[in-house]
Structure formats: C-alpha cells, structure tokens
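Engineer: Sequence and predicted structure below; questions after.
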2 protein chains.
Amino acid sequence: MNQLVGKKPEHEAIYSEVKELILFGEVAPGQPLTIHGLANLIGAGVTPVREAIRRLTAEGALASLENRRVAVPKMTVEKLQQIQLVRLSVEPALAEMGAKKCDKSDFLELEKLDGLVDQAIENGDIRRYLEANYRFHFMLYEKADAQILQRITESLWLQVGPSLRVNCGRFGTSNLVDQHQEAISALRNGDMDGVKRAFADDIQQGMDFVQQALGE
Amino acid sequence: MNQLVGKKPEHEAIYSEVKELILFGEVAPGQPLTIHGLANLIGAGVTPVREAIRRLTAEGALASLENRRVAVPKMTVEKLQQIQLVRLSVEPALAEMGAKKCDKSDFLELEKLDGLVDQAIENGDIRRYLEANYRFHFMLYEKADAQILQRITESLWLQVGPSLRVNCGRFGTSNLVDQHQEAISALRNGDMDGVKRAFADDIQQGMDFVQQALGE
DNA sequence: TGTCAGAATTTTTGATCAAAAAATTTGGTT
DNA sequence: AACCAAATTTTTTGATCAAAAATTCTGACA
C-alpha cells in the first residue's frame, strides 16, 4: 500500500538547494564544482549529490567540462540571443495563461511580491532582488499550469541567473527599474495584450542588462 | 596531466542508449520503468542507470510518479499545444541558422537522409522512419551550432517521440507524407524564408498527426 | 465471493569502497 | 630559474550493500 508518509528523496532536496544557489547567483560563472565540495557544503552524501548534478546539467544550469568536472557555464552573446528568442516567445504566453486564472487575492499577492522587489532595490540587496523578482514572475507562471513551458522557462532562468548576479554586483541595483507596475495594472484591467507587452518589455530589459557586461 | 584516453563515462552512454529507446518509440507512453529492469536490459550497473534516468527526467523524457517510480509520460492535448508553441518558434529559427552554414556537400547529405525517410515510409518501417526523420532534422539543427535552442528542441522531440510511434503504429506509415522536398529546394535556392516556412509546415503536420489520436 | 491485514518480495535510495582518471606536487636535470 | 617526468593526492565513477519504501502475495474472516 502507498504509505505517503516519507518525504521526498534526498536528491530532490539537494537539487532544489543547489538550484537556488545557482538561480540567485551564489555560484559564480566559470566556477567549477566538485561533487565532494557540494556534498559537505550541504552536509549530504555523495550519491544524491551526483544525481542532483546530472539533473542540473541536463537543465543547462551546470555544464560538464571535457574532463570530468562540472562548472557553472559562462554566458556568451550567442547563448544570450538564443535565450532571448525563447523567453520572448514563451514567457509572455505563460504570463497570459496565468493572468486568466488570477483572482483578486492573486493580484494582492503579486503586489506584495512586487513590493519586495522595490524594497530590495532600495536596500541594494541583490540577493533579495533576484529572489523577489523570481517569485513575482513564477507566481504568475505557476498559475498558468503549463508544465512544459514552465520547465523550459525555469531552465532559461537558471542559465541567466549567475550572469545577472555578476552584473548587479558590478553596476549596483540603482540601474534596476521596477517594470512590474505596468504588468500589474494590465492584469487588473483584464488587458491581456497589455500583460504580454509588459512581460515582453521586462524580459527585454533584463536581457539588455546582461548583455551590457558581455560587450567588453 | 590530462590523459584524454578514457572514453565517456558509462552514465553518458546509458543516457544515449535510453534516449534512443524513447525517441524512437521503443518504450510505450505510460509504461513504468524500473531501474533494475533497465540495468539488466542494457547490461549495466544500477548506479549509472540512475544518473541517466535523472537526466532524462529533467528533460521531460521520463516523469517521476508520485511514488518513486519513473515512467514515459502520456501525451495530453495541453502538453501538445505547449510543445507546438515552442517548436514553431524555435525550430524554424534553428533551421534557418543551420541553412546559412550549409555547403553543397551538406545538401547532398540532407538529400541522402531524405531518401532514407522515403524508403522507410515505403517499407512501412516505423522505427527507421522515426530515426531517419530525426536525423534529417537534426543534421541541419546541428549545423546551426546553437546549443541552447538545440537542447530545447531535443527535449521536445523526446516528449513527442513515444506518441508519434503509437500513432504510426495505429495509422500506419501510409498516412505519412514526406514534407522535406520543399525544404530542400528552398535550401538549394538560398531562400531562407522558404526554409522556415517548410519547417513550420512540417512541424505543424507532425503535431496534427499526433493530435489525431488524442481526440478520442 | 470479497475484503482486508500482515507477510514476503521487489524496488528505490543513500552510504561506502575500490578502481580509474585527473590534478597537483615533487624532485631532478639542464 | 625553467622544464619535464614520476609520485602523490584529489576527484570521479561504478559496484555493492543495508535500510526504507512500495508493491504483491497470502490467508483469515465476514
């Protein structure tokens, strides 16, 4: 019989943990990761860590080097262009799908998250900014209930995360603009095209921001 | 010093092997896979098989059930729509990028592959059809040298593969049309818009074909 | 016959170990 | 000092085992 008692397997938990490390820029691009290093950083055995690494590698969050190490891959102009192409076609669609399923309480929730974004920008807290920004977007995306689009989007965010962090660190949070107001008001008005446009703008702005640092 | 002697690790080989099983429909949708079953089907240890499974799960080729098993996921209308959205925006772009880098010998190669497609259709050999069709597309996609787009595309093909196989089995290969001629002649003429259109048509046709079986 | 609890079996999971591979250090030679 | 090869250390990889979890089997009871 299905007990439903046990929690998730450990490799899932480790996956989530490392995923957040990468997503919010705690691991620098180019930095190689040893399986042991991760294991005792997290305080876990080596077996589940390996499985988590395979999964993250498949998602593009890590890359296996020609030898047998893995590292957080560095961003390139080419990769950024490809990511932009997909993000611009997928995320506005996701946002629209999610928007259609939002009720009043969801609007409130989104505004609360947007408040956290502003607050983080004001405080110059990069980590919190990345986290709040992520939650804002994915709260809506999750509402869409579109497994496949969401998975792809998550993978792309994982690939951009580390560079975004580097850039924020370099230029500071003062350059960041909160683009979510436009999205929220479009949401409230039920203006779906407005929602799509707002998300497209937001993505474009984020991509440009990352591209800045690659031009040198 | 870097020896460069050893071949790839086994989990990579196993990954490729299982990937092909799924891609070419050797594993039916809904069918659960045991880690042991795979291990001694392939004749390998359980450790590398587990790693391969994690990777395939991350790519959507397998799905972890609520208990701790994995299975080839079943297709749904919703998933198919999402896949279609992404494929239509990514693959024509990939095809165009690849087309720009093709020379005469590549055209020949593509024609040869297309010949294999026709031959497989004629012989009613589903497995060979799926394989030749895959090679035709991905030969061009690989030329594009666009890591990220290719990874996404591969993941989507992995998710469609099993259903495609089921459908071919049900309706036979007689329903299949070779849509590649249009693409090849556009390629030869350097007509990039034509290439994109041809690929979009091909994808659309394939998606419709899979959708047929879901309507019941 | 149908159902349900408990036992037996199968399977997954994570730790550990040995072997293979890669990186690093060491020491000698020029 | 600069370079190279051998030795040492670190790391990955895959096998194996024990524990946990899930499934299947079994038999008692209504």
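Structural biologist: Arrived safely, thanks for sending.

Engineer: contacts and neighbour counts: CA atoms only from here.
Structural biologist: Fine.

Engineer: and the residue of chain A nearest chain B?
Structural biologist: residue A:55 (4.9 Å; CA to the nearest CA).

Engineer: helix or strand for the most centrally placed residue in chain A, which one?
Structural biologist: Nearest to the mean C-alpha position of chain A, by CA atoms, centre = their mean, lies residue A:157 at 3.7 Å. Residue A:157 is located in helix A:147-171, with elements delineated by DSSP states H and E.

Engineer: For that helix, which residues meet the burial criterion?
Structural biologist: A:148-150, A:152-168 (16 or more other CA atoms under 10 Å in any protein chain shown).

Engineer: can you check stretch A:24-31 too?
Structural biologist: In stretch A:24-31, counting by 16+ other CA under 10 Å, buried: A:24, A:25, A:26, A:27, A:28, A:29.

Engineer: circling back: what residues sit buried inside whatever helix or strand comes next after the helix holding residue A:157?
Structural biologist: Downstream of helix A:147-171, the next assigned helix or strand under DSSP H and E is helix A:180-188. Residues of helix A:180-188 classed as buried: A:180, A:182, A:183, A:184, A:186, A:187 (neighbour count, 16+ other CA under 10 Å).

Engineer: which helices and strands sit right next to helix A:180-188?
Structural biologist: helix A:104-123, helix A:192-214 (3 or more CA pairs under 8 Å, 6 or more residues apart in numbering or on different chains; DSSP states H and E).

Engineer: among the ones you listed, which is the most enclosed?
Structural biologist: helix A:192-214 (a mean of 18; mean count of other CA atoms under 10 Å in any protein chain shown).

Engineer: Give me the angle between it and helix A:180-188.
Structural biologist: Interaxial angle, helix A:192-214 versus helix A:180-188 (axes from the mean of the first three to the mean of the last three CA atoms, to 10 degrees): 160 degrees.

Engineer: Render the CA-only coordinates of helix A:192-214 in CSV, please.
Structural biologist: Taking C-alpha atoms only, helix A:192-214 is exported to CSV below (Å, rounded to 0.1, in the frame of the first residue of the first chain):
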residue,chain,number,x,y,z
MET,A,192,-4.2,40.5,-21.8
ASP,A,193,-2.3,42.2,-24.6
GLY,A,194,-1.1,44.6,-22.0
VAL,A,195,0.1,41.8,-19.8
LYS,A,196,2.0,40.2,-22.7
ARG,A,197,3.6,43.5,-23.6
ALA,A,198,4.6,44.3,-20.1
PHE,A,199,6.3,40.9,-19.7
ALA,A,200,8.0,41.2,-23.0
ASP,A,201,9.3,44.6,-22.0
ASP,A,202,10.5,43.3,-18.7
ILE,A,203,12.3,40.4,-20.3
GLN,A,204,13.9,42.6,-23.0
GLN,A,205,15.2,45.0,-20.4
GLY,A,206,16.7,42.2,-18.3
MET,A,207,18.4,40.7,-21.3
ASP,A,208,19.8,44.0,-22.3
PHE,A,209,21.1,44.5,-18.8
VAL,A,210,23.0,41.2,-19.0
GLN,A,211,24.3,41.9,-22.5
GLN,A,212,25.9,45.1,-21.3
ALA,A,213,28.6,43.2,-19.5
LEU,A,214,29.3,40.9,-22.4
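
Engineer: what about the residue nearest to residue A:113 when sequence neighbours are not counted, is that helix, strand or coil?
Structural biologist: Leaving aside its chain neighbours, residue A:113 sits nearest to residue A:136 (5.6 Å; criterion: CA to CA, 6 or more residues apart in numbering or on different chains). When classified by DSSP: H, G, I helix; E, B strand; the rest coil, residue A:136 comes out as helix.

Engineer: Quick one: residues in contact with stretch A:60-80.
Structural biologist: Here stretch A:60-80 makes contact (CA atoms under 8 Å, 6 or more residues apart in numbering or on different chains) with A:19, A:22, A:27-34, A:53, A:56-57, A:155-156, A:158-160, A:162-163, A:207, A:211, A:214, B:2, B:4, B:146-148.

Engineer: Residue A:158: what's it in contact with?
Structural biologist: So residue A:158 contacts A:19, A:22, A:23, A:59, A:60, A:61 (CA under 8 Å, 6+ apart).

Engineer: if I read this right, the fourth one contacts residue B:56, doesn't it?
Structural biologist: No - using CA atoms under 8 Å, residue A:59 is not in contact with residue B:56, being 10.2 Å away.

Engineer: Which residues of chain A lie near chain B?
Structural biologist: Within chain A, the positions near chain B by CA under 8 Å from any CA of the partner chain are A:2, A:4, A:50-52, A:54-59, A:67, A:78-79, A:82-83, A:85-86, A:89-90, A:146-149, A:152.

Engineer: Tell me the buried residues within these.
Structural biologist: A:50-52, A:54-59, A:79, A:82-83, A:86, A:89-90, A:146, A:148-149, A:152.

Engineer: ok so, going back, state whether the residue of chain A closest to chain B is indeed within a strand.
Structural biologist: No - assigned with three-state DSSP, residue A:55 falls outside any strand and is helix.

Engineer: So it is in contact with residue B:55, correct?
Structural biologist: Yes - taking CA under 8 Å as the definition, residue A:55 is a contact partner of residue B:55 at 4.9 Å.

Engineer: gap between the two ends of stretch A:120-132?
Structural biologist: 8 Å (CA to CA, to the nearest Å).

Engineer: Measure how far that stretch is from the centre of its chain, please.
Structural biologist: 14 Å (CA atoms, centre = their mean, to the nearest Å).

Engineer: Equivalent analysis for stretch A:77-92, please.
Structural biologist: 13 Å.

Engineer: How about stretch A:157-166?
Structural biologist: That offset, for stretch A:157-166, works out to 8 Å (CA atoms, centre = their mean).

Engineer: Return that stretch as CSV; C-alpha atoms alone will do.
Structural biologist: C-alpha atoms of stretch A:157-166 as CSV (Å, rounded to 0.1, in the frame of the first residue of the first chain):
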residue,chain,number,x,y,z
TRP,A,157,16.3,31.5,-15.7
LEU,A,158,18.9,29.1,-14.3
GLN,A,159,21.2,29.9,-17.2
VAL,A,160,20.8,33.6,-16.8
GLY,A,161,20.9,33.7,-13.0
PRO,A,162,24.6,33.7,-12.5
SER,A,163,25.3,36.4,-15.0
LEU,A,164,22.5,38.6,-13.7
ARG,A,165,24.1,38.4,-10.3
VAL,A,166,27.5,39.4,-11.6
